[in-house]
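Student: A predicted structure for the sequence below; I have some questions about it.
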Amino acid sequence: MTSLLEIAGIGKTYRARERTVEVLTAIDLTVSEGEFVALVGPSGCGKTTLLKIVAGLLPATVGQVRFGGRPVTEPPPGLGVVFQEYGRSLYAWKTVRQNVELPLRHLDLSRARRRELVADALDAVGLGAAGDAYPWQLSGGMQQRVAIARAVAYRPRLLLMDEPFSAVDAQTRADLEDLVATLWKRYGMTIVFVTHDIDEAVYLSQRVVVLGAGVSGVQADIPVDLPADREQIGTRSSARFGELRTRVWTQVRRTPESEMV
Ligand SMILES: Nc1ncnc2c1ncn2[C@@H]1O[C@H](COP(=O)(O)OP(=O)(O)OP(=O)(O)O)[C@@H](O)[C@H]1O
């Protein structure tokens, strides 16, 4: 597989008045085209910071990110992002359809093609009938489906997701996890998924990357050799799932100040 994303020697130090905080040190990570990678680590270890650097939203202090072979210096085309705070990422005064269509307006597409992509994305997330609704008329889980539809309508090569399901109830969360797994296969995207939830990381991904607080480099990179077809009850109750979650937990707990839930 060819590598789509190359993170090389990334370090980030935040400087605020007299205080400096070194958040990331010497992070090297390569993600292949089509891979699903989960990123976990204790609270404050810099997961969101790393995602923002990869997205071109924040400059690194040292190191380089390459996406599709090109250095990332600003948000690159072909990259989509879904954050936790979906409520704030949707425009309340625009309909669901208009929200999903918005990023497509920057692309050189005919109106008919744009409409086709929006309809396909809304169907894919199970909201084919909700195009005329406004976000505030929808439940939290449905709003997050809109945010996901908006990202996939754009057909990104790489989708970055930052704790996208931490604000929804357990049942909705399970449904959204399965939705993302289906979309990943359907669109052939590469996904980097940040989560606090180790079981979620193992359930969804092909590889779990552990970042440590105050640790130089990636702490662990654990392949998830579960069958490709996963199912909430069967997969999570398998012996191999249990072994993998224990391995990831052990790595996360090795880091000081662990605050994992
Ligand atoms: N703009 C900023 N200025 C100064 N410090 C910052 C800034 N943004 C983040 N930090 C600090 O950097 C550290 C890492 O934050 P970040 O949000 O990347 O971690 P995280 O692993 O995603 O945390 P969580 O799991 O709690 O979301 C934290 O200590 C945070 O307080």
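Tutor: Received the coordinates, thanks. Numbers count the residues shown, from 1 in each chain.
Student: I'd like the distance between the residue of the stretch 151-261 of the chain found nearest the ligand and Ile148.
Tutor: Nearest residue of the stretch 151-261 of the chain to the ligand, counting by CB to the nearest ligand atom: His196, 5.9 Å away. In this view, the C-beta of every residue, glycine as well, is placed from N, C-alpha and C. In this view, His196 and Ile148 are 19 Å apart by CB to CB, to the nearest Å.
Student: more crowded one of these two?
Tutor: Neighbours per residue, other CB atoms under 10 Å: of His196 and Ile148, the larger number sits with Ile148, 25 against 17.
Student: In contact with that one, which residues?
Tutor: The contact partners of Ile148, by CB atoms under 8 Å, 6 or more residues apart in numbering, come to 82, 125, 164, 176, 179-180, 183.
Student: change it to 10 Å
Tutor: By CB atoms under 10 Å, 6 or more residues apart in numbering, the contact list for Ile148 reads 80, 82, 86, 100, 121, 124-125, 127, 159, 161, 164, 176, 179-180, 183.
Student: so where does it fall, helix or strand?
Tutor: helix 140-153 (DSSP states H and E).
Student: Can you give me the buried ones in that helix?
Tutor: 141-153 (16 or more other CB atoms under 10 Å).
Student: Please list all residues in contact with the nearest residue to Arg66 once chain neighbours are set aside.
Tutor: Computed as CB to CB, 6 or more residues apart in numbering, the closest residue to Arg66 that is not its neighbour in sequence is Glu6, at 4.3 Å. Each residue near Glu6 by CB under 10 Å, 6+ apart is listed here: 28-31, 64-69, 71-72.
Student: roughly how far apart are the nearest residue to Met189 once chain neighbours are set aside and Ala26?
Tutor: Nearest residue to Met189, sequence neighbours excluded (CB to CB, 6+ apart): Leu159, at 5.1 Å. Relative to Ala26, Leu159 is positioned 26 Å away (CB to CB).
Student: and these two? which has more neighbours close in?
Tutor: Leu159 (25 against 14).
Student: In a strand, that one, correct?
Tutor: Yes. Counting by DSSP: H, G, I helix; E, B strand; the rest coil, Leu159 is located in a strand.
Student: wait, it sits on Val194?
Tutor: No. Contact criterion CB atoms under 10 Å: Leu159 and Val194 do not qualify, at 11.7 Å.
Student: The most centrally placed residue in the chain: what's it in contact with?
Tutor: For the chain, the residue nearest the mean C-alpha position is Met161 (1.8 Å; CA atoms, centre = their mean). Taking CB under 10 Å, 6+ apart as the contact definition, Met161 lies against 38-39, 51, 80-84, 147-148, 151, 180, 191-195, 204.
Student: so of those residues, which ones are in helices?
Tutor: 51, 147-148, 151, 180, 204 (DSSP state H).
Student: just to revisit the earlier point, who does the residue nearest to Met189 form a beta bridge with?
Tutor: Counting by DSSP bridges, Leu159 is bridged to Gly80, Ile191.
Student: all strands in the chain, in order from the N-terminus.
Tutor: 3-16, 19-32, 36-40, 62-67, 70-71, 79-82, 158-162, 190-194, 207-211, 218-223 (DSSP state E).
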